[in-house]
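J.: okay, structure incoming, though there's no sequence with it:
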Ligand SMILES: Cc1ncc(COP(=O)(O)O)c(CNOCC(=O)O)c1O
């Protein structure tokens, strides 16, 4: 065909770090601490709920309400009204989506117009940039930066400069995207940091897209705060959630967007003209999960207490493994991931890839091919303009069976003894 085949909106957004590195990890049968998913099953109560749903009669196998299965939106509204301090309307203020990915896509498609600018705080979950571009918007970047002077030991030492953020706001700015707890750093934004962002959103009449998929996974006393709960923010915030990350069931792909009906109604327009509907039985199971967690909220039997406790142990296990081989991890306050600085690691990359690739990309490929351990390069979570400044880190996922973490530790120890 001589005429142009693909739409211009796909230009420049064809590469995807997950496709590339997941394939490489599989090709080399590497121990996979790369992509963020548990290698263990969801809790028994929600597996049982899924099985019960599947044998729950014909309606569980057919279409349910397009914008969200009624029991699920009802239980989400009831559960989160108590948290966000706002009486959430299950039918107006919630859209159930195919994972948080589709909630993000619907938000950008519905709320970002041609020429709008969207401020993305770096490092960022990589899909934000292509989604902004495909909506016709322009991504503008502001990096979190390590606090000057102090040895950077924690994700909390990476901060957002109010001056730098303010300097990026223009008359064309439509929204600010934040992710807390953050992927890949694990930063959990403090109330005062969110208040600074909220003040700017209100002053400049901006929207906030707040990706909170790791909301239950905080450690060492870090507290997750929903920016939508701050005064004046409910009306201008879309909060993104994920059942995959909430219940360790990433393959179910159930997510949601929550916010004022004035915002959600436009996302429903995108949803009804694209995906239209999410898996009924999976939604039914997640509805039962939130019903249970509502009753057990704050109690030791709650999964939202048990999962972070289990992951805290895995976080400590991975950190001591990295330190034992001379790496200095940045301790995550939350989430699934741990980032470590590799600038002290001297290896002959024996040209794992084209030398125009960033150092962390070449290092990760070397680690997979030569040592059989998969991680993710952190410059994949940065814009091209800032990627060079932050190309000395790699990301490990610690939400894995202890046996997987042990296998990774054996590889790192063996390598360290050979050095
Ligand atoms: C911040 C963030 N938002 C959204 C999502 C997507 O959530 P869902 O799976 O519900 O679509 C993810 C899932 N990330 O998993 C890939 C990785 O970083 O290794 C995520 O990290």
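T.: Ah, there it is. The shown structure was predicted, so the numbers you read here are calculated from the model rather than taken from an experiment.
J.: only C-alpha atoms for contact and neighbour calcs from this point on.
T.: Fine.
J.: how about the residues of the stretch 51-200 of the chain that lie near the ligand?
T.: 99, 100, 101, 125, 179, 183 (C-alpha under 6 Å from any ligand atom).
J.: the second one: helix or strand, and which one exactly?
T.: Spelled out, it's residue 100. helix 99-111 (DSSP states H and E).
J.: and the contacts of the helix or strand following that helix?
T.: Downstream of helix 99-111, the next assigned helix or strand under DSSP H and E is strand 117-122. With contact meaning C-alpha atoms under 8 Å, 6 or more residues apart in numbering, strand 117-122 is reached by 112, 128-129, 132, 137-144, 168-169, 172-178, 381-383.
J.: just the buried ones from the residues you listed, in ChimeraX syntax?
T.: Here is the ChimeraX command that selects the buried residues among these (16 or more other C-alpha atoms under 10 Å):
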select :112,128,129,132,137,138,139,140,141,142,143,144,169,173,174,175,176,177,178,381,382,383
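J.: out of the contacts of strand 117-122, which sit inside strands?
T.: Among these, the residues falling in strands (DSSP state E) are 138, 139, 140, 141, 142, 143, 173, 174, 175, 176, 177, 178.
J.: thinking again about what came up before, now pLDDT and neighbour count too, for the residues of the stretch 51-200 of the chain next to the ligand, in CSV please.
T.: Converted to CSV, these look like this (pLDDT from 0 to 100; neighbours: other C-alpha atoms under 10 Å):
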residue, pLDDT, neighbour count
99, 98, 24
100, 98, 25
101, 98, 21
125, 97, 18
179, 98, 26
183, 98, 27
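J.: reformat the residues you listed as a markdown table; add distance to residue 399.
T.: Below are these laid out as a markdown table (distance: C-alpha to C-alpha, whole Å):
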| residue | distance to residue 399 |
| --- | --- |
| 99 | 18 |
| 100 | 18 |
| 101 | 20 |
| 125 | 17 |
| 179 | 19 |
| 183 | 13 |
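J.: ok, of the residues you listed, which one's closest to residue 207?
T.: For those, the residue nearest residue 207 by C-alpha to C-alpha is residue 179; the value is 14.1 Å.
J.: just give me the longest helix of the protein.
T.: The single longest helix within the chain, with elements called by DSSP state H, is helix 303-324.
J.: that helix: which residues count as buried?
T.: 303-305, 307-309, 311-312, 314-315, 317-322.
J.: now do stretch 412-419
T.: Neighbour counts using 16+ other C-alpha under 10 Å place residue 412 of stretch 412-419 among the buried residues.
J.: hmm, who's touching that stretch?
T.: By C-alpha under 8 Å, 6+ apart, the list of residues contacting stretch 412-419 from outside reads 321, 322, 324, 325, 371.
J.: re the thing from before, tell me the one among the residues of the stretch 51-200 of the chain next to the ligand nearest to residue 230.
T.: Nearest to residue 230 among those is residue 179, at 16.0 Å by C-alpha to C-alpha.
J.: assess the claim that the closest one and residue 210 are in contact.
T.: Yes: if you go by C-alpha atoms under 8 Å, residue 179 and residue 210 touch, sitting 5.7 Å apart.
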